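Asker: sequence and predicted model, in that order:
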Amino acid sequence: MPTSKPSIFLISTSLLFATLIAANNLLKEQTLVIATLITLGGLLGATLNYFQFGFSSSFRSLLTDRKTAGMRAIIWMLALAIILFAPLLAFSEAISTQPTGFIRTLSLAIPIGAFLFGIGMQIGCGCTSGTLNRVGQLQPLSFTTLFFMVIGGSVAAYTYSGWQHLPELEPFAFQNQFGWVMGVVIQLSILFLLYQWLNKIERKRHTTVKPLIHPQRRWHPFLLAAFGLATFNTLLLWISGSPWSISSIFPYWGTRLIDALHLPIDWGFWDYAMENSTHLALGPFENTVSLTTMGVIAGAFAVSLFKPRSKVPVNLKGVMGSVIGGTIMGFGAVMASGCNIGAFFSGIASGSLHGWVWFVFALLGNGIGVYLRRYVA
């Protein structure tokens with residue numbers, strides 16, 4: 001990829017968002033807040049599509065071919081996000097939005113849900129962000145995957161009382177235990193060790209490691225995507241007070257679908273609805289997650305207008321994979337308090353140990369999913 005094109009993309013998106021930030025701060029209009037959140041989601045989606053970056057493909061390349069460029073880019077993404085998140089969370093009281101990271105209890109539901117999600121992201125040929133990206137590309141099977149993610153997430157919410165009381169430990173955040181500076185150092189050290197391990201296993205299989213920065217100072221597209229995603233996620237944390245997440249939208253959209261179709265399901269008495277009543281009561285233009293999710297799809301679509309992707313053929317096996325994988329992902333994401341974005345990306349960036357637990361068990365689930373993929377996808 002020529003070096004000029006990524007530069008133009010990054011500069012133009014930065015200028016667009018800077019303009020919206022300035023207008024938002026000056027005018028404080030609700031419509032501008034909505035536009036800013038949708039635009040920020042759009043920049044996330046455009047980044048995924050433009051640089052053809054995906055979490056599920058990165059996991060799959062590691063497990064099947066021992067190619068680690070995608071995973072190493074994810075390490076860089078997490079490292080930058082940790083560094084950028086840390087001062088915002090440490091000095092949140094001085095910021096008008098009072099940013100709050102995703103720090104969750106260490107419930108047994110998290111490893112179980114992450115394991116299920118890992119299976120689903122390979123069977124369904126994409127994670128949550130990847131599915132939204134491909135919906136924006138108008139890939140037919142991704143619409144099926146997204147629909148069944150909503151169904152799976154709604155089923156998880158419906159069965160909330162069955163798994164909400166699983167054993168759990170108190171939330172653990174590195175910055176709370178060791179101070180925010182030392183918390184950053186510890187997490188970066190873990191990422192460094194992971195990076196060395198990735199280099200080792202790729203070198204063992206292929207004798208050399210594909211560099212992310214070439215000698216001519218050309219950056220790998222995945223690395224550019226990683227830096228873009230980390231930056232935009234940090235901006236979302238600063239502006240909205242919460243980092244990027246997706247999975248909570250599945251029960252939210254599920255309730256709207258139930259109401260629209262007048263289905264005979266009494267959502268109002270579900271335990272999940274009682275626990276998340278404030279979130280579920282928000283209107284479509286008040287829900288940050290809904291706005292950014294719609295933005296991700298719109299951003300990916302915008303890139304597709306001038307950089308269209310070839311369409312994946314639709315066949316029975318692919319439809320089965322989308323149905324099964326989407327349902328499993330939706331269920332697992334809600335159960336695990338997040339998907340590859342909310343639990344893994346934003347969780348680790350927030351310094352929460354549950355994000356690391358999610359990663360380990362999702363990787364195990366991906367191993368199973370890669371095996372099952374050949375039969376159902």
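Answerer: That came in fine, so what should we check first? All values reported here derive from a predicted model rather than from experimental measurement.
Asker: need phi/psi at residue 210.
Answerer: Backbone torsions for residue 210, taken as degrees, to the nearest 10, come to phi -70, psi 120.
Asker: and the longest helix for this protein?
Answerer: Taking residue count as the measure and DSSP state H as the definition, the longest helix of the chain comes out as helix 180-206.
Asker: which of the residues in that one are buried?
Answerer: With burial defined by 16 or more other C-beta atoms under 10 Å, the residues of helix 180-206 counted as buried are 180, 183, 184, 186, 187, 190, 191, 194, 195, 198, 202. No exception for glycine: its C-beta is placed from N, CA and C like everyone else's.
Asker: and the pLDDT for residue 270?
Answerer: You'll see residue 270 listed with a pLDDT of 69.
Asker: now residue 78
Answerer: Taken from the predicted model, the pLDDT recorded for residue 78 is 98.
Asker: pull out the buried positions in the strand or helix carrying it.
Answerer: For residue 78, the element it lies in under DSSP states H and E is helix 69-90. Within helix 69-90, the residues that count as buried by 16+ other C-beta under 10 Å are 69-82, 84-86, 88-90.
Asker: what helices and strands are in contact with that helix?
Answerer: Other elements packing on helix 69-90 under the criterion 3 or more C-beta pairs under 8 Å, 6 or more residues apart in numbering; DSSP states H and E are helix 55-65, helix 174-178, helix 180-206, helix 221-240, helix 346-349.
Asker: how does it look with 6 Å?
Answerer: Under the contact definition 3 or more C-beta pairs under 6 Å, 6 or more residues apart in numbering; DSSP states H and E, helix 69-90 sits against helix 55-65, helix 180-206, helix 221-240, helix 346-349.
Asker: centre of the chain to that helix, how far?
Answerer: On the basis of C-alpha atoms, centre = their mean, to the nearest Å, helix 69-90 is displaced by 13 Å from the centre of the chain it belongs to.
Asker: now that helix and helix 180-206, what's the angle there?
Answerer: Helix 69-90 and helix 180-206 meet at an angle of 180 degrees, taking axes from the mean of the first three to the mean of the last three C-alpha atoms, to 10 degrees as the criterion.
Asker: got the angle between helix 69-90 and helix 55-65?
Answerer: For helix 69-90 and helix 55-65, the angle between their directions (the same axes, to 10 degrees) works out to 140 degrees.
Asker: so what's residue 51 up against?
Answerer: 221, 224, 225 (C-beta atoms under 6 Å, 6 or more residues apart in numbering).
Asker: still on that earlier bit, Throw the buried residues of helix 180-206 into a markdown table and include pLDDT and distance to residue 306, thanks.
Answerer: Supplementary listing: the buried residues of helix 180-206 in a markdown table, determined by pLDDT from 0 to 100; distance: C-beta to C-beta, whole Å:
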| residue | pLDDT | distance to residue 306 |
| --- | --- | --- |
| 180 | 95 | 42 |
| 183 | 97 | 42 |
| 184 | 97 | 39 |
| 186 | 98 | 43 |
| 187 | 98 | 38 |
| 190 | 98 | 39 |
| 191 | 98 | 35 |
| 194 | 98 | 36 |
| 195 | 98 | 34 |
| 198 | 97 | 33 |
| 202 | 97 | 33 |
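Asker: the residue lying closest to residue 213 once chain neighbours are set aside - how many residues pack around it?
Answerer: Using C-beta to C-beta, 6 or more residues apart in numbering and skipping residues adjacent in sequence, the residue nearest residue 213 is residue 219, 5.6 Å away. Residue neighbour count, defined by other C-beta atoms under 10 Å, stands at 19 for residue 219.
Asker: same check on residue 213?
Answerer: The local packing of residue 213 (other C-beta under 10 Å) involves 10 other residues.
Asker: hmm, residue 61 is touching residue 67, no?
Answerer: Yes - with contacts defined as C-beta atoms under 6 Å, residue 61 counts as touching residue 67 at a distance of 4.3 Å.
Asker: give me the more crowded residue out of these two.
Answerer: Neighbours were counted for residue 61 and for residue 67 using other C-beta under 10 Å; residue 67 has more, 20 against 17.
Asker: mind listing what the more buried one touches?
Answerer: For residue 67, the contacting residues are residue 61, by C-beta under 6 Å, 6+ apart.
Asker: what about 8 Å?
Answerer: Contact criterion C-beta atoms under 8 Å, 6 or more residues apart in numbering gives 61, 202, 206, 210 as the residues in contact with residue 67.
Asker: and residue 122, by the same measure?
Answerer: Residue 122 makes contact with 56, 59, 60, 325, 366, 369, 370, 372, 373, 377, according to C-beta under 8 Å, 6+ apart.
Asker: nearest to residue 151, of those?
Answerer: Distance ranking of those against residue 151, using C-beta to C-beta, places residue 325 first at 12.1 Å.
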